[in-house]
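**Student:** Provided below are the primary sequence and the corresponding predicted coordinates.
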Amino acid sequence: MAEPGVETRTRSSVITARAAASFDPVGRSVATARAFVRDTLQGWGYGDVVDDAVVLTSELVTNAVIHAGTAADVLCLRSEDGVRVEVSDRYPEREIPVQGGSVQPTAAGLERENGRGLMLCAALATRWGVEYTPTHKQVWFRLDLPQRAVGTRSAGPALPPSMLPVADDRVRVAVVQIDHGGAITVWNEDAAHLFGYSAEQVLGKPLTDFAAWPHTPGTSTGVAEALRLSRWEGSYGIRGADGRVLPVYASHLRVRDTRGEPSTVCLLVRDDERAVLQTPVRSAAPDAGPDRRSSDPFEVFIGSPAPDDLDGLLQRTVERARDMLDGDAAFLLLATDDETELEVRATTGLPSARQRFARVPVEAGTGRYGSARMPAVHEDLLAVPGAVPLLNSTGMRAVVTVPLKVEGRLTGSLGVAAEAAGRYSNEEALRLQFAADRIALAVESARLGELERLRRGSLSFLVEASDLLAGTLDRDQTLALMAQMTVPTLATWCAVYTIADQSSEPYLSYVLHEDEDRIDDLKALLSRIDPPDPVPTPGARVWTAPATAAQQEALRASKRELGLGMAPSSVSSGIGATQATAAAVGGETVVLPLVARNRVIGMLTLGKPSDDHFRQEILELAEDLSRRAALALDNARLYSERVSISQSLQRSLLPPELPQIPGVEVEVIYRAAGEGNEVGGDFYDLFPIRDGAYGFAIGDVCGTGPEAAAVTGLARHALRLLAREGFGGPAVLERLNAAILDEGARSRFLTLLYGELWPQADGSAVLKFVCAGHPLPLRLRQDGTVEPAAEPQPLLGVMDDLELYEQVVTLDPGDVLLCVTDGVTERREGTRMLGDDGLTAVLTTCTGLTAGAVAARVLRAVERFAAEPASDDMAILAMRVHEPHQD
């Protein structure tokens, strides 16, 4: 059934292509349907009717999925002279708002969303209609292509030479092809000439290595998405071999080869020659009546769906504003939250995109045209130098600027400029203001959305940064993390200066650049200039010294290259490297103080390449990061100092080098439990007492760590002192026991094996032992038998009165005496324990081995007994009497 008064059939046309898609009843389906129709028609080459088709499809799909709550089916049919789009839903009983055979919008009707799609069909479509089935309702519309000569897709009027676009004598079009993985596979001669890279230098590398696309935490970089679209057109930059960013206008087309593999063909020209590639603005059909939409380019933009991202919206705004006023350049600035500054966010037609994120004051002067809050027309900028700083040295003569306001609040400024003076008057200012008023709310909404995404991304970035910084107490690793988190997310390059103490000068500790080939030259440059002053004032401050020094060196290198009498410099590199370094640091450079515990401990320096600027949100994020990094760096410093002091004290508790004992090999292995501990509760010592006599000891203080180490030092030094005073073994240990008890609450009980060693002339050795509660020493004879060499006696630090006695043992040549602490015998694996029997079994296999080999075999057996690391201190002392033929 067809609705009366509405044509339901198209004229007979041959269908040459069709495309169909279904969309679920969810809000995001409307945007997906718009993209489907836009990509389909652009792929068919029907750009003249894309805008109308997208607007109508958007309204009809909105009616289906939002108001009717049903799925929507969209079918596009191509014919030689036009396109038909059908939108079907599953809610056929809805009322169709028709009045007397034609649809006329009324004031009340325009406020209603229901039925607005049909009103638009009546206003925009060549023909349209409604058809019913028992289960579906279908609204279709047809858009005819403009009548042109055979073979002509689009055409413009003949223009005098003075109005034609300006281009170089030879226009170069770079052809770059990108494979499905994002790598460059084709790079023509014009690309090499424009950007300075040969094909060999770029083939196989990703385009993202060269594209200067804005990178902001929490938002998409954009270039990857653009390469995946079926067709894309717009502006960005390519970083050339000299380090400078060349603004380009690009047209991307997604294709597939005979194997079905997708790739993207990119055509690129200089941005000021964009007319070579830019899609012509659609003009009205010759028979367009008063009911047709305006052919004004900006009106076309406003009527079409706006880009989803802020950068895309702003770029399209300046491009359409420039076209609307037939200008040579356009720019759009957004106001900061306090409305005191404007930040450059989009430009077109200017020499480069270097002004992006540059900031200018809202109130630039006292006159009427000195404020961005009011429209302004400058017929000739030569008469008012500096009136628009953004246009300095650009060749622009005339400019018109208007404010963007939302609810009376300044949100931005839009301007269009021309190379000829006197091009603009109040009439153009009114047209531009009208356009700015229409786009201001959409821009502000997109800006707030981007700000929210940026804040969420910044929060995620700071959480990750805090986790990484908290995960290390190593100073060098902390410095590396600071730099790696800022490059390339926040800046192109980074340098970290550290200050050891208040009397020290800042020291360049770490340098990083997103291009590793630039790091050495950048570090050399920064080393030759004075570091920034360590000012504790919070916030980022601009530092111009690196850019100035690099530019001076590049100038000197250029003069030497031209043979202008400059003496060679011993520190300069080639002219290419010097110019690349100058470009790398030629943009904005800021310094943020690293303040921790009310002291400046360093500076974090962030930089951009030539003429690039930081956006305010990035500087605020960098300031937050610098506070966290400063605390992490200071914690690493304090930890390093503590470890150094601890290690120095611990090393003082270890005995000096072991003495050489005639006829006896000695080997000691010591392992302290706990990270960073070099000595703990287990200890050992071997020292000369007098001629021909040597004292040795191995003990175990209750517990581990620094507390046990304090008693270790007391015991070791007391043993040496008492032994050299001539006291025998029992007297030495009794006096040590009294000293330990005198420590009171700080005392620890102690097991100790103390003895004296007397080498004999016949090659044997006499040992006198006192074993105070310690694991018994084991004697390994040459025949492989193992036996205890002493008897157990009371440990020290528990009882006042001890009755200790001395035992005497003679070691024959080839015999081994093994002394260990309980960290060896009490090694556990679950319920199993190595024990005395396990140690005896290991020692039995050591017949004929040197003292060092015996100690090593015991240690290996202990380590292999359990998978987990040892949890107790461990000491192994092995002594072997030389056999006669070894002397």
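**Tutor:** Happy to help now that I have it. Numbers count the residues shown, from 1 in each chain.

**Student:** pLDDT at Gly260, what is it?
**Tutor:** If you check Gly260, the pLDDT there is 83.

**Student:** partners of Gln688 in the sheet?
**Tutor:** One thing to correct before we go on: residue 688 is Pro, not Gln. Tyr694 (DSSP bridges).

**Student:** ok, it - contacts?
**Tutor:** By C-beta atoms under 8 Å, 6 or more residues apart in numbering, the contact list for Pro688 reads Pro659, Tyr694, Gly695. For glycine as for every other residue, the C-beta is placed from the backbone atoms N, C-alpha and C.

**Student:** the first one and Phe687 touch, don't they?
**Tutor:** Yes - counting by C-beta atoms under 8 Å, Pro659 sits close enough to Phe687 to count as a contact (6.7 Å).

**Student:** which residues do these two both contact?
**Tutor:** Tyr694.

**Student:** report the buried members of the contacts of Pro688.
**Tutor:** Tyr694, Gly695 (16 or more other C-beta atoms under 10 Å).

**Student:** need the contacts of Pro688 in CSV with pLDDT and distance to Leu227, can you?
**Tutor:** Formatted as CSV, these follow (pLDDT from 0 to 100; distance: C-beta to C-beta, whole Å):
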residue, pLDDT, distance to Leu227
Pro659, 88, 74
Tyr694, 94, 79
Gly695, 93, 79
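
**Student:** what number of residues lie near Glu428?
**Tutor:** 21 (other C-beta atoms under 10 Å).

**Student:** how close does it sit to Ala442?
**Tutor:** With distances taken as C-beta to C-beta, to the nearest Å, Glu428 is found 22 Å from Ala442.

**Student:** quick one, longest strand in the chain?
**Tutor:** strand 245-256 (DSSP state E).

**Student:** any idea of the mean pLDDT for that strand?
**Tutor:** The model assigns strand 245-256 a mean pLDDT of 86.

**Student:** show me what that strand is packed up against.
**Tutor:** helix 189-195, helix 223-228, strand 231-239, strand 262-270 (3 or more C-beta pairs under 8 Å, 6 or more residues apart in numbering; DSSP states H and E).

**Student:** what about the third one, distance to the chain center?
**Tutor:** Using C-alpha atoms, centre = their mean, to the nearest Å, we find the averaged C-alpha position of strand 231-239 to lie 23 Å away from the chain's own average C-alpha position.

**Student:** repeat for the second one
**Tutor:** With C-alpha atoms, centre = their mean as the basis, helix 223-228 stands 19 Å off its chain's centre.

**Student:** for Thr70, which non-adjacent residue is spatially closest?
**Tutor:** Arg90 (4.2 Å; C-beta to C-beta, 6 or more residues apart in numbering).

**Student:** residues touching that neighbour, list them.
**Tutor:** Ala68, Thr70, Ala71, Thr135, His136, Lys137.

**Student:** what's the longest helix in this protein?
**Tutor:** helix 426-470 (DSSP state H).

**Student:** continuing past that one, what's the next helix or strand?
**Tutor:** Moving toward the C-terminus from helix 426-470, the next helix or strand (DSSP states H and E) is helix 475-486.

**Student:** now the element after the worst-scoring helix or strand of the chain on mean pLDDT, going C-ward?
**Tutor:** Of all helical and strand segments in the chain, the minimum by mean pLDDT, DSSP states H and E falls on helix 107-111, at a mean of 38. The helix or strand immediately downstream of helix 107-111 is helix 116-124, counting by DSSP H and E.

**Student:** can I get that next one as PDB, trimmed to CA atoms?
**Tutor:** C-alpha atoms of helix 116-124 as PDB (Å, rounded to 0.1, in the frame of the first residue of the first chain):
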ATOM      1  CA  ARG A 116      10.800  15.100  10.300                       C
ATOM      2  CA  GLY A 117      12.600  12.600   8.000                       C
ATOM      3  CA  LEU A 118       9.700  12.700   5.600                       C
ATOM      4  CA  MET A 119       9.700  16.500   5.600                       C
ATOM      5  CA  LEU A 120      13.400  16.400   4.700                       C
ATOM      6  CA  CYS A 121      12.600  13.900   1.900                       C
ATOM      7  CA  ALA A 122      10.100  16.400   0.500                       C
ATOM      8  CA  ALA A 123      12.600  19.200   0.700                       C
ATOM      9  CA  LEU A 124      15.800  17.500  -0.500                       C
END
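
**Student:** residues in contact with the residue lying closest to Leu753 once chain neighbours are set aside?
**Tutor:** With C-beta to C-beta, 6+ apart as the criterion, Leu753 has its nearest non-adjacent residue at 4.3 Å, and that residue is His774. Shown in contact with His774 (C-beta under 8 Å, 6+ apart): Ile698, Gly699, Asp700, Thr751, Leu752, Leu753, Pro792, Leu795, Thr821.

**Student:** the closest residue in space to Asp380 that isn't next to it in sequence: what's it in contact with?
**Tutor:** Spatial nearest neighbour of Asp380, excluding adjacent residues (C-beta to C-beta, 6+ apart): Ala421 at 4.1 Å. For Ala421, the contact set (C-beta under 8 Å, 6+ apart) comprises Glu379, Asp380, Leu382, Arg397, Ala398.

**Student:** make sure Gly814 is indeed in a helix.
**Tutor:** No - according to DSSP: H, G, I helix; E, B strand; the rest coil, Gly814 belongs to no helix; its state is coil.

**Student:** pLDDT below threshold where in the stretch 151-300 of the chain?
**Tutor:** 151-159, 162-163, 213-222, 280-300 (pLDDT under 70).

**Student:** give the helix, strand or coil label for Tyr684.
**Tutor:** Assignment for Tyr684 (three-state DSSP): strand.

**Student:** if we can go back for a sec, how much space separates the residue nearest to Thr70 from Val61?
**Tutor:** Arg90 is 13 Å from Val61, by C-beta to C-beta.

**Student:** in a helix, Ser644, correct?
**Tutor:** Yes - assessed with three-state DSSP, Ser644 lies in a helix.

**Student:** where does the prediction get shaky in the stretch 451-600 of the chain?
**Tutor:** In the stretch 451-600 of the chain (pLDDT under 70), the answer is 563-575.

**Student:** now the helices for it?
**Tutor:** 475-486, 519-528, 545-561, 575-584 (DSSP state H, counting those that start in this stretch).

**Student:** which positions in the third one come out as buried?
**Tutor:** The reference is to helix 545-561. Under 16+ other C-beta under 10 Å, the buried positions of helix 545-561 are Ala545, Pro546, Ala547, Ala549, Ala550, Gln551, Glu553, Ala554, Arg556, Ala557, Arg560.

**Student:** redo those as TSV? Include distance to Thr40.
**Tutor:** Listed next are the buried residues of helix 545-561 as TSV, based on distance: C-beta to C-beta, whole Å:
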residue	distance to Thr40
Ala545	55
Pro546	51
Ala547	49
Ala549	55
Ala550	50
Gln551	51
Glu553	55
Ala554	51
Arg556	58
Ala557	54
Arg560	59
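
**Student:** tell me which of the residues you listed is nearest to Arg475?
**Tutor:** Lowest distance from Arg475 to these (C-beta to C-beta) belongs to Pro546, with 24.6 Å.

**Student:** identify the residues contacting the closest one.
**Tutor:** Leu525, Leu526, Ile529, Val585, Thr589, Gly607.

**Student:** how far does the longest strand of the chain sit from the chain's center?
**Tutor:** So, by C-alpha atoms, centre = their mean, the centroid of strand 245-256 is 26 Å from its chain's centroid.

**Student:** likewise stretch 264-281?
**Tutor:** So, by C-alpha atoms, centre = their mean, the centroid of stretch 264-281 is 32 Å from its chain's centroid.

**Student:** use 11 as the first number from now on
**Tutor:** Done: numbering now begins at 11, and the last item shifts to stretch 274-291.

**Student:** only alpha carbons, please: show that stretch as CSV.
**Tutor:** Provided in CSV are the C-alpha atoms of stretch 274-291 (Å, rounded to 0.1, in the frame of the first residue of the first chain):
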residue,chain,number,x,y,z
THR,A,274,45.8,2.1,1.1
VAL,A,275,46.9,4.4,-1.6
CYS,A,276,47.8,7.9,-0.3
LEU,A,277,48.2,10.9,-2.6
LEU,A,278,50.0,13.9,-0.9
VAL,A,279,50.7,17.4,-1.9
ARG,A,280,51.9,20.5,-0.1
ASP,A,281,49.0,21.9,2.0
ASP,A,282,49.1,25.2,0.1
GLU,A,283,48.6,23.2,-3.1
ARG,A,284,45.6,21.3,-1.8
ALA,A,285,43.4,22.4,-4.7
VAL,A,286,45.2,19.7,-6.7
LEU,A,287,43.6,16.9,-4.6
GLN,A,288,40.7,18.5,-2.8
THR,A,289,37.3,17.2,-3.6
PRO,A,290,35.3,20.0,-5.3
VAL,A,291,32.6,21.6,-3.3
